[in-house]
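Asker: next input, structure requested:
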Amino acid sequence: MLEGVTILELGGVIAGNFGGIILADLGADVIKIEPKTGDTARNPQIAPYQDHSAIHLFMNRGKKSVVLDLKSEEGLEILQRLVEQADVVVDNFRPGVLTRLGIDHAALKKINPKIITVSITGFGETGPQKDKAAFDLVIQAYSGHMSITGEPDGPPARAGVPLADMSGGIYGCISILAALVGRELHGGGAHVDVAMLDSMVHLLSYDALDYLTAGNQASRHGSAHAHMVPWQAFPASDGHVVVAARDEKFWLNLCDALGRDDLKSDPRTENNAARLVNREWLVPQLEEEFSRRSQAEWVSILDEFDIPSAPVNTLETLFDDPHMEARGMIQSYEHPTLGAIRYQPSPMKVADWDFPKRHAPMLGEHTLEVLTDRLDYTADRVRELAVAGVVGTWK
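Answerer: Numbers count the residues shown, from 1 in each chain. Got it, this is the predicted structure:
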């Protein structure tokens, strides 16, 4: 797939790292350039797993770690020599940091005219908020997502996963793949400015279009849908199930599953538009019906009637599901100090391609390897640089 493609990753935590997992899984050689203190994702206080961080163990698997002091003259020179033979440089520093270090796109292009650079920031490289500090929560709020997430009578809520961080990483990855193809077709490198905010605004999809075109403001509906009924979670006697009866055939099937023929002929439920108007009358009736049986019973019944539905899984019930094993969504890699680390792999299933199972690197684990193999440093010279604090090594 991407064998022979070299990515230098100056990113950290999630936004700067998430795209790199995808690229590493696809065969790219992703080399993390880390400071002596390491990527912030390594901080075990953020998501502790033994004396490591679960964020690092997931976000950096399959990558190589090289520790460089980019504020030192020789550390900067090492990076520049790596850029000469690299394809892509990714960062998620604040705007202006790379310019101050002398390694922005303009500078790197002089070293390698075909270099592709991707900068992932909170608010982008332009605009009045470009220098504003940003974390996932800040972007989820600023982008409007929190205003449409949560229960109608509750406070705004964030997505349970760091969606803003990951969206920046995903769009960064897409831009890298596009730039690599573009370079093959047309020649030359490129610089891509990816804002987490822009990414989240793009993910507002049709809600944003509806507002921008018609002025309709989206609102919070919990698990329910603003335009479809029934489309939400219903409480069973011991858990929840979701039902997405968007099409009329599924609504009629649901009536059969519930044993409610009366709802088929009621004018208040004759189509989705009617059900939408009569949501406050209909939903409590459905809730009462679902409360009569267990989650497992409803899953079986709803599947029997071919109704789009699912149990609201916990992580425990999700990863106990045989379908996860059948899809290969539980795998493990061997970590140098922690042993087997179980994780969920890439969702892509590519014919004749075996996704690598490689561990998240120890800090500086590959400094010696990269400098000797790629830049022809001797092992003795790398040790001298380590003593001088220019580079860092694991052992």
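Asker: show me where the stretch 1-150 of the chain has helices.
Answerer: 18-25, 54-59, 73-84, 97-101, 105-111, 136-142 (DSSP state H, counting those that start in this stretch).
Asker: any buried residues in the third one, and which?
Answerer: The neighbour-count criterion (16 or more other C-beta atoms under 10 Å) identifies Gly75, Leu76, Ile78, Leu79, Gln80, Arg81, Leu82, Val83 as the buried residues of helix 73-84. Every residue, glycine included, has its C-beta placed from N, CA and C.
Asker: do the same with stretch 141-154
Answerer: In stretch 141-154, counting by 16+ other C-beta under 10 Å, buried: Tyr142, Ser143, Gly144, His145, Met146, Ile148, Thr149.
Asker: bridged to the residue lying closest to Ala224 once chain neighbours are set aside, which residues?
Answerer: Spatially, and ignoring its direct neighbours in sequence, Ala224 is nearest to Gln232 (3.8 Å; C-beta to C-beta, 6 or more residues apart in numbering). In this entry, Gln232 is beta-bridged to Val243, by DSSP bridges.
Asker: my guess is Gln232 meets His240, correct?
Answerer: No. Using C-beta atoms under 8 Å, Gln232 is not in contact with His240, being 9.6 Å away.
Asker: residue contacts, Tyr377?
Answerer: Leu371, Leu385 (C-beta atoms under 8 Å, 6 or more residues apart in numbering).
Asker: meant to ask about Ser167, not that
Answerer: Ser167 neighbours (C-beta under 8 Å, 6+ apart): Met196, Ser199, Met200, Leu203.
Asker: next: Trp231.
Answerer: Contacts of Trp231 (C-beta under 8 Å, 6+ apart): Ala224, His225, Val243, Ala244, Ala245, Arg246.
Asker: dump the residues you listed to a markdown table, plus pLDDT.
Answerer: Shown next, in a markdown table, are the contacts of Trp231 (pLDDT from 0 to 100):
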| residue | pLDDT |
| --- | --- |
| Ala224 | 96 |
| His225 | 95 |
| Val243 | 98 |
| Ala244 | 97 |
| Ala245 | 95 |
| Arg246 | 85 |
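Asker: which among the residues you listed end up buried?
Answerer: Buried among the contacts of Trp231 (16+ other C-beta under 10 Å): Ala224, His225, Val243, Ala245, Arg246.
Asker: how near is the fourth one to Cys255?
Answerer: Looking back up the chat, that one is Ala245. Between Ala245 and Cys255 the computed distance is 9 Å (C-beta to C-beta, to the nearest Å).
Asker: returning to what we had before: highest neighbour count among the contacts of Ser167?
Answerer: When neighbours are counted by other C-beta atoms under 10 Å, Met196 leads the contacts of Ser167 with 33 neighbours.
Asker: the residue nearest to it when sequence neighbours are not counted: which element?
Answerer: Nearest residue to Met196, sequence neighbours excluded (C-beta to C-beta, 6+ apart): Gly168, at 3.9 Å. For Gly168, the element it lies in under DSSP states H and E is helix 163-186.
Asker: tell me the buried residues in that helix?
Answerer: 163-173, 175-177, 179-180, 183.
Asker: from the buried ones among the contacts of Trp231, which land in strands?
Answerer: Members of these lying in strands (criterion: DSSP state E): Val243.
Asker: residues contacting Arg73?
Answerer: Small correction: residue 73 is Glu, not Arg. Here Glu73 is in contact with no residue (C-beta under 8 Å, 6+ apart).
Asker: surely the residue nearest to Met196 and Val201 touch.
Answerer: No. Applying C-beta under 8 Å, one finds Gly168 not in contact with Val201, separated by 11.8 Å.
Asker: quick check: which element contains Phe234?
Answerer: Going by DSSP H and E, Phe234 is in strand 231-235.
Asker: just the mean pLDDT for that strand, thanks.
Answerer: Mean per-residue pLDDT for strand 231-235: 98.
Asker: gap between stretch 223-231 and the chain center?
Answerer: Stretch 223-231 has its C-alpha centroid displaced from the chain centroid by 26 Å (C-alpha atoms, centre = their mean, to the nearest Å).
Asker: likewise for stretch 118-136?
Answerer: 18 Å.
Asker: before we move on, what about stretch 293-311?
Answerer: Worked out by C-alpha atoms, centre = their mean, stretch 293-311 lies 30 Å from the chain centre.
Asker: and it, which residues are buried?
Answerer: Buried residues in stretch 293-311 (16+ other C-beta under 10 Å): Arg293, Gln295, Trp298, Val299, Ile301, Leu302, Ile307, Ser309, Pro311.
Asker: low-confidence regions, the chain specifically.
Answerer: Scanning the chain for pLDDT under 70 picks out no residues.
Asker: residues in contact with the most centrally placed residue in it?
Answerer: Closest residue to the average C-alpha location of the chain: Met166 at 3.0 Å, with C-alpha atoms, centre = their mean. Neighbouring residues of Met166 by C-beta under 8 Å, 6+ apart: Ile14, Ala15, Phe18.
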